[in-house]
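Student: Here is my input, please return the structure:
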Amino acid sequence: MMPKAVFWDMDGTLVDSEPLHEAALMAAMRNVGLVPPDDLHERVLGVAAWPVYEMMRDEFGLDLPFDDWIVRKYEHYLPLVEELKPRPGAIEIFNELRARGIQQAVVSNSDRMIVDANLSMVGLIYPGMKTISRNDVREGKPHAEPFLRAAYLADVDPTHAVAIDDSWPGAMAGLAAGMKTIFWPEKPMEGPPGAVVINSAEELRTELGL
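Tutor: So this is what the prediction gives:
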């Protein structure tokens, strides 16, 4: 049975932007004399800009105010957006759900500038589209607020909605919001308890009743 609403994470779920974020973060770190750790990808996947900044400051000795740091990171990221590609199968499913009249929203831990740039690059912008960025909520993922705001904007009970995310923080946010939560990681791994773990677009279609 199809859900009344489907709420999508963006980075890593709808678009394959995680490598671009990692490349921009590494370049920004090196630009200020920091050495990226080998496990940087695992430590920042799905994490919003402010907690990443706190890690840079507290563990790596970053000596810049947040506003200066994020400008440096985005200066490295935005030129890379031209290389952005959709995650195979994801946008096709998004468009099929849209054609069927299913409420949808993009729910991201990224700032508004990045949300708009990424979705524009892959052509996923249309009148009335609902998007929630980190700037639109007080608490980012893994807090429930981003997905609950999506449910509010869609006028749908959270228990009748599905959250789709590729990261643990995102999946935990969906579960905290009381939604059926589909964990679709970049590579096979266990998900948070209570999440439905999938590894392909075909599995996602099945879970959504398509």
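
Student: Only C-alpha atoms from now on, for both contacts and neighbour counts.
Tutor: Noted.

Student: Pull the residues that contact the helix or strand bottoming out on mean pLDDT in the chain.
Tutor: Ranked by mean pLDDT, DSSP states H and E, the weakest helix or strand in the chain is helix 40-44, scoring a mean of 88. For helix 40-44, contacts defined as CA atoms under 8 Å, 6 or more residues apart in numbering pick out Glu22, Val52.

Student: same question, stretch 53-66
Tutor: Val32, Leu34, Trp50, Trp69.

Student: dump the residue contacts of the third one.
Tutor: Think Trp50. Going by CA under 8 Å, 6+ apart, Trp50 touches Phe66.

Student: For Leu119, see how far away Ala171 is.
Tutor: Ala171 sits 21 Å away from Leu119, taking CA to CA, to the nearest Å as the criterion.

Student: Comparing the two, which residue is more hemmed in?
Tutor: For Ala171 versus Leu119, neighbours defined as other CA atoms under 10 Å are more numerous around Ala171 (33 against 21).

Student: which strands and helices sit next to the helix or strand containing the more buried one?
Tutor: Assigned by DSSP states H and E, Ala171 belongs to helix 168-176. Counting contacts by 3 or more CA pairs under 8 Å, 6 or more residues apart in numbering; DSSP states H and E, helix 168-176 packs against helix 145-154, strand 161-165, strand 180-183.

Student: what's the most buried one of these?
Tutor: Greatest average neighbour count among the helices and strands packed on helix 168-176 goes to strand 161-165 (a mean of 27), per mean count of other CA atoms under 10 Å.

Student: can you give me the helices in this protein?
Tutor: Secondary structure of the chain, counting by DSSP state H: helices at 18-31, 40-44, 49-60, 66-77, 90-99, 112-121, 145-154, 168-176, 201-207.

Student: Among the ones you listed, show the one with the smallest mean pLDDT.
Tutor: Averaged per stretch, pLDDT over the helices of the chain is lowest on helix 40-44, reaching a mean of 88.

Student: Export it to CSV, keeping only CA atoms.
Tutor: Extracted in CSV, the C-alpha atoms of helix 40-44 (Å, rounded to 0.1, in the frame of the first residue of the first chain):
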residue,chain,number,x,y,z
LEU,A,40,36.5,11.7,7.8
HIS,A,41,33.7,10.3,5.5
GLU,A,42,32.3,8.1,8.2
ARG,A,43,32.4,10.9,10.8
VAL,A,44,30.6,13.6,8.8
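
Student: buried residues in it?
Tutor: When burial is assessed from 16 or more other CA atoms under 10 Å, helix 40-44 yields the following buried residues: His41, Val44.

Student: Same check on stretch 200-210?
Tutor: Buried, per 16+ other CA under 10 Å, within stretch 200-210: Ser200, Ala201, Leu204, Glu207, Leu208.
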